[in-house]
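Asks: Okay, sequence plus prediction incoming.
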Amino acid sequence: MTTADRRPLGPVDSSRTPRYAGPATFARLPRVDEVGGTADVAVVGVPFDSGVSYRPGARFGGNAIREASRLLRPYNPAQDASPFALAQVADAGDIAANPFNINEAVETVQAAADDLLATGARLMTLGGDHTIALPLLRAVARKHGPVALLHFDAHLDTWDTYFGAEYTHGTPFRRAVEEGILDTSALSHVGTRGPLYGKQDLDDDAKMGFGIVTSADVMRRGVDEVAQQLRERIGDRPLYISIDIDVLDPAHAPGTGTPEAGGLTSRELLEILRGLASCHLVSADVVEVAPAYDHAEITSVAASHTAYELTTIMARQIAAGRASGGA
Ligand SMILES: N=C(N)NCCCC(=O)O
Ligand SMILES: [Zn+2]
Ligand SMILES: [Zn+2]
């Protein structure tokens, strides 16, 4: 039986079983092994943070997001959709990556992502530091060809190396461009801000093909205009969205490793994402949640809602594809 033949198994009913009871899966959804081993959207954790340049701790981000996601409810009014009824969304657990060998960890994440994508699932990955975007993009590009990228982040993450290391959380998108796995006609950073090493950082980034919507642009132009501009740039290309939670202001996301003042509000981020609902979202990640610096789950709640909006976009597209006879 394929996932198309059966009703999706949804979350535990929080009106019958208190939402704080039991082990945490994302949004209290079933595990992948409870739904026959495959899902339409696989929520997968990557507890890896050996690529960070400043405060460590994002290895605990995925489980913090799962804990904070207990309060998510099944109907998403902002997108008028019940994502977990439209498609089988399930928690695929964690990818166990070597914390002492970054190169090996990158290989492991790519292999695990390849395997999940081969089952037909789209990935909603919970990081982990931003290093993991590279192997995730490699796997997605292996399936779809070079993808459009929307990168929400305070930082460019297109630097070359740190301490001579190629695979770090500040360098994944330069590697991805070098490897030809991104569609360089549709690359955008959103929420960029803060001091750089030099103006050259911006020049290099522009040469790679990235457009930038700064955090200040979002404030000045507003979320609707920004979303429209992004939609136009992306068109109908297969799209990957990578969200570094430090795109949010430290007031909205204190629990992260390299915070920068002057960021987006969580409301702005969620609204921009909702404005991208018509884009062909093939997979996404939310990374850099470091719960040790969090307070009252501010950051992990924001991250859980971010993953919920992304999951809703994917579930709606899966359901629409089925309704029109596609996969
Ligand atoms: N948070 C991410 N992904 N990258 C930040 C790198 C900034 C730096 O160490 O200069
Ligand atoms: Zn960042
Ligand atoms: Zn980043």
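Replies: Noted; the coordinates are in hand. Ligands and ions are numbered 1, 2, ... in the order given.
Asks: any idea which helix or strand carries Ala42?
Replies: Here Ala42 sits within strand 41-45, counting by DSSP states H and E.
Asks: could you say what helices and strands that strand packs with?
Replies: helix 61-68, strand 89-94, helix 102-118, strand 122-126, helix 298-323 (3 or more Cβ pairs under 8 Å, 6 or more residues apart in numbering; DSSP states H and E). Yep, even glycine has a C-beta here, placed from its N, CA and C like the rest.
Asks: what's the angle from the third one to strand 41-45?
Replies: Put simply, helix 102-118 runs at 160 degrees to strand 41-45, going by axes from the mean of the first three to the mean of the last three Cα atoms, to 10 degrees.
Asks: in helix 102-118, what's buried?
Replies: 102, 105-106, 108-110, 112-113, 116-117 (16 or more other Cβ atoms under 10 Å).
Asks: Tell me the one of these nearest Arg31?
Replies: Leu116 (13.3 Å; Cβ to Cβ).
Asks: how near is the nearest residue in space to that closest one that is not next to it in sequence to ligand 3?
Replies: Excluding the flanking residues, the one nearest Leu116 by Cβ to Cβ, 6 or more residues apart in numbering is Ala42, at 5.0 Å. To ligand 3, Ala42 is 22 Å away according to Cβ to the ion, to the nearest Å.
Asks: Next: Val44.
Replies: Distance from Val44 to ligand 3, by Cβ to the ion: 19 Å.
Asks: burial count for the closest residue to that residue other than its chain neighbours?
Replies: Of all residues not flanking Val44 in the chain, Ala92 sits nearest, at 4.3 Å (Cβ to Cβ, 6+ apart). Ala92 has 26 neighbours, counted by other Cβ atoms under 10 Å.
Asks: Correct me if wrong: Ala92 contacts Asp40.
Replies: No. With contacts counted by Cβ atoms under 8 Å, Ala92 stays clear of Asp40, the gap being 11.8 Å.
Asks: Between those two, which contacts overlap?
Replies: Ala121 (Cβ atoms under 8 Å, 6 or more residues apart in numbering).
Asks: All set now, cheers.
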